[in-house]
Structures are given as C-alpha cells and as structure tokens.
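**Q** any chance you can model this:
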Amino acid sequence: MIINPFIKAGLIAIIPHGITDIIECPKKIITANLIINPLIYSIPEIYKLGILFVTSIYHLRNDVPYNIKGSYILHNIWLIKPETSIFYLSCIHTPRHYSRVFKDKIKIKEKIISILIFTIITYYGLNYNIDDILKVYLGNYWWSGPIVSHIFISETKNITNQFLRY
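**A** Have a look, this model is predicted:
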C-alpha cells in the first residue's frame, strides 16, 4: 500500500505515543491488551469501528472545546475528511499526551528510549507494509484493539488521578 508522505509522517508521530503505557503501567496495559484485543478481533468490523469511535470521542473530550460535544463534532469532521484526523492527532493530541506523560518526571529515560524504538519500528513497518500483513491475520481494523486498550488505560489513569486529588 502506498501512503501519502504527509500521512506517513503523521502516522510515524502518532503511533508510538501509546508505547508510554508499557513504561507507566506495564501490568495494566498487558492485561488490557490480552482482554480487549481478542474481544475486538472477534466482533464484526462495524462494531469495531463503533467501539473505536465512541471510546475515541470520550478520550479526546479534554483536548477540544465543549468537551464531549466538541469531540463528537471533531470525529464527525474526521468521517468526512479522514486526513484531518492525522493532522489533529499528530499536531495536537500526541504532543498533549507527551506533555502529560513527561510532567511526572518518572522513568523519563525509559519513556524516551521506548518512544524512539517504537518510532523506528513504526517507520519500518509503514515502509514494509506490515499493515497489509496484519490485515490478513487480524482483519482490516487490526489496530483498533491496541487503540481501544490505550484509551482504556489512559482513562483509568485519569480516573485514578482524580480520586487521588481528594
């Protein structure tokens, strides 16, 4: 599959941001992936996309004005103009994610190394069409399971942090 160079650059920036979960909460992310991924892979594609759409709207609610409503509008724009999602995720969401992740100053070196390694893996994966290979074994939306797992972990961290404030 040939990918537009701007889309490829955006994906190289976006995809590795979730790897920080493995450093911050390794047991949770492994457990989440072991439970969520098989469930996601076992359902029809329309449901995969529905779960991804709903969880993503919730996940990005704090990135945009008007909370859930703003996120819902943003996602509907993405349905009409999918390339805008790459711009938003690479230029707004991923930098916001990194600013939150590096704010705590814990395991900075491990996070940076994991991001760099996963960025290199992403680069080669995109250049060698690993997406097409994974589609054969896991279906068209194979990436929805890891994304939903990432969202689940991010949101459970947010909930835990809110309780710890009180």
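
**Q** residue closest to the middle of this protein?
**A** residue 147 (4.3 Å; C-alpha atoms, centre = their mean).

**Q** how close does it get to residue 113?
**A** Distance, residue 147 to residue 113, by C-beta to C-beta, to the nearest Å: 23 Å. C-betas here are computed from N, CA, C, even on glycine.

**Q** then residue 70?
**A** Residue 70 is 35 Å from residue 113, by C-beta to C-beta.

**Q** these two: who's more crowded?
**A** residue 70 (16 against 12; other C-beta atoms under 10 Å).

**Q** what about the residue nearest to that one when sequence neighbours are not counted, how many neighbours?
**A** Counting by C-beta to C-beta, 6 or more residues apart in numbering, residue 70 lies nearest to residue 64, which is 3.8 Å off, once chain neighbours are set aside. By other C-beta under 10 Å, the residues close to residue 64 number 19.

**Q** repeat for residue 146
**A** 18.

**Q** going by neighbour count, list what's buried in the one helix or strand residue 100 maps to.
**A** Per DSSP states H and E, residue 100 falls inside helix 94-103. Within helix 94-103, the residues that count as buried by 16 or more other C-beta atoms under 10 Å are 94, 97, 101.

**Q** give me the helices and strands touching it, please.
**A** Applying 3 or more C-beta pairs under 8 Å, 6 or more residues apart in numbering; DSSP states H and E, one finds that helix 94-103 contacts helix 20-24, helix 108-127.

**Q** least reliable of these by average pLDDT, please.
**A** Mean pLDDT values for the helices and strands packed on helix 94-103 show the minimum at helix 20-24, a mean of 92.

**Q** quick one: contacts of that one?
**A** 28-30, 97-98, 101, 106-107, 110-111, 114-115, 150, 153-154, 157 (C-beta atoms under 8 Å, 6 or more residues apart in numbering).

**Q** and stretch 81-99, by the same measure?
**A** 4, 6-7, 9-11, 13-14, 17, 20, 60, 63, 74, 77-78, 154.
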